[in-house]
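Undergrad: Predicted coordinates and the sequence they were generated for:
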Amino acid sequence: MSWKVFAELVELKAKTASVFPFILGMAYSWYHYQQVYLGNMVFFFIAMVLFNMAVDILDNYMDYHNATDVHDYKDETNIIGRERLSLRLVRNLMVGFIFVSAVMGIYLASQTSWVILWLGIISYSVGIFYSAGPKPLSSMPVGEVASGLAMGFVIPLICVYLNIYDVAPFTWQLAGQVLLMSLPAVFAIANLMLANNTCDLEEDVLNNRHTLVFYIGKKGAIRLFWFLSLTPFIVITVAVTGGLVPWTVLGLWLIFPIIWKNTVAFSKRQVKLETFPLAIKNLALTVMLYALLFVIGVIV
């Protein structure tokens, strides 16, 4: 397997969705508690990326097995069929990544707090059942919520508590504050899934996948896309006002015209190769700049 094929199998280009929520968690920890355990962060980062890659392999693996014969998705679109990859190799990679990341996670929990274990169980459950099982979450109208919360909220929450477990108890108030801080990432990640499902509506129906777009229709999906694209700007303004995040994150408003332009273009045409990249750009711009501005705020 070449590096290019491996990168597509694990969807390496989509790792922005987990890396920058991780940075947000670290920045939040330092901003409010002036404490970051670099050893825990490095360990968690490796475990997180390994599991993220395993989930994407699992997604491709299950899509390959569940594809129907009414079109050429299995042999021409899916990376496993298109590149004639060994199913045994793909399966072993997936299981190996899950096992190593799970062992690392259990070790972190044993050295810090068992709250980390429970958060990890939630994260692993969402990740595995997102693609696996008789009724995967990705084929149901909850895929956007599941992916947005698991990656945009649970990752920062784990990150925060790995840094402050010895100075602050885990409370619903803490979880709520981290959730509000994480909402821009949650919305951006959920919106990428929504855009993907909007573009793939017809193909998903052929594969017996009834996502949220199937139930609310493309017009409803576009309205939701607008909401999820623009709400992060309101959220960060509220968060700054409440002292939850530094004032520097208000700089996110600088990309508002770009997000607006991309959202307008996507709302007119939902084509995977043509306009879906605009949704990817919205996600990347929103979470990358938000994390960068948060870090700058911590430094200054």
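TA: Looks like it came in fine.

Undergrad: Give the rounded mean pLDDT of the helix or strand hosting residue 54.
TA: Assessed by DSSP states H and E, residue 54 sits inside helix 38-66. For helix 38-66, the mean pLDDT works out to 88.

Undergrad: Flag every buried residue along it.
TA: Neighbour counts over helix 38-66 (16 or more other Cβ atoms under 10 Å) mark 40-41, 43-45, 47-64 as buried. (Glycine included, C-beta is placed from N, CA and C.)

Undergrad: Which residues are in contact with the residue nearest to residue 8 when sequence neighbours are not counted?
TA: Nearest residue to residue 8, sequence neighbours excluded (Cβ to Cβ, 6 or more residues apart in numbering): residue 79, at 5.2 Å. Counting by Cβ atoms under 8 Å, 6 or more residues apart in numbering, residue 79 touches 5, 8, 9, 60, 85.

Undergrad: For the helix or strand of the chain with the lowest mean pLDDT, list the C-alpha coordinates in CSV.
TA: For the chain, the helix or strand with the lowest mean confidence is helix 79-82, at a mean of 74 (criterion: mean pLDDT, DSSP states H and E). The C-alpha coordinates for helix 79-82 follow below in CSV (Å, rounded to 0.1, in the frame of the first residue of the first chain):
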residue,chain,number,x,y,z
ILE,A,79,-10.8,3.3,-1.9
ILE,A,80,-10.7,-0.4,-0.9
GLY,A,81,-12.4,-1.6,-4.1
ARG,A,82,-10.8,0.9,-6.4
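
Undergrad: got the end-to-end distance for stretch 241-258?
TA: 24 Å (Cα to Cα, to the nearest Å).

Undergrad: Return the distance of that stretch from the chain's centre.
TA: 21 Å (Cα atoms, centre = their mean, to the nearest Å).

Undergrad: pretty sure residue 255 is touching residue 289, no?
TA: Yes: under the criterion of Cβ atoms under 8 Å, residue 255 makes contact with residue 289 at 6.0 Å.

Undergrad: And the helices in the stretch 201-300 of the chain, which stretches?
TA: Applying DSSP state H, counting those that start in this stretch to the stretch 201-300 of the chain gives helices spanning 201-206, 212-241, 256-268, 276-299.

Undergrad: Could you say which of those is packed most deeply?
TA: helix 276-299 (a mean of 20; mean count of other Cβ atoms under 10 Å).

Undergrad: what pLDDT does residue 77 get?
TA: So residue 77 comes in at 68 (pLDDT).

Undergrad: quick one on the thing from earlier: quick check: which of the helices of the stretch 201-300 of the chain is nearest to residue 186?
TA: Nearest to residue 186, of all those, is helix 212-241, at 9.0 Å by Cβ to Cβ.

Undergrad: Show the secondary-structure elements that that closest one is packed against.
TA: Using 3 or more Cβ pairs under 8 Å, 6 or more residues apart in numbering; DSSP states H and E, the elements in contact with helix 212-241 are helix 172-199, helix 201-206, helix 256-268, helix 276-299.

Undergrad: Reformat those as a markdown table; add mean pLDDT and distance to residue 102.
TA: Below are the helices and strands packed on helix 212-241 laid out as a markdown table (pLDDT from 0 to 100; distance: least, Cβ to Cβ, whole Å):
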| stretch | mean pLDDT | distance to residue 102 |
| --- | --- | --- |
| helix 172-199 | 94 | 23 |
| helix 201-206 | 80 | 30 |
| helix 256-268 | 96 | 37 |
| helix 276-299 | 94 | 26 |
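
Undergrad: Compare those and give me the one nearest residue 244.
TA: Nearest to residue 244, of all the helices and strands packed on helix 212-241, is helix 172-199, at 5.6 Å by Cβ to Cβ.

Undergrad: any idea of the angle that closest one forms with helix 276-299?
TA: Counting by axes from the mean of the first three to the mean of the last three Cα atoms, to 10 degrees, helix 172-199 lies at 160 degrees to helix 276-299.

Undergrad: Report the angle between helix 172-199 and helix 256-268.
TA: Helix 172-199 runs at 50 degrees relative to helix 256-268, counting by the same axes, to 10 degrees.

Undergrad: what angle do helix 172-199 and helix 212-241 make?
TA: Counting by the same axes, to 10 degrees, helix 172-199 points 140 degrees away from the direction of helix 212-241.

Undergrad: So, low pLDDT: which residues of the stretch 101-250 of the chain?
TA: Low-confidence segments of the stretch 101-250 of the chain (pLDDT under 70): none present.
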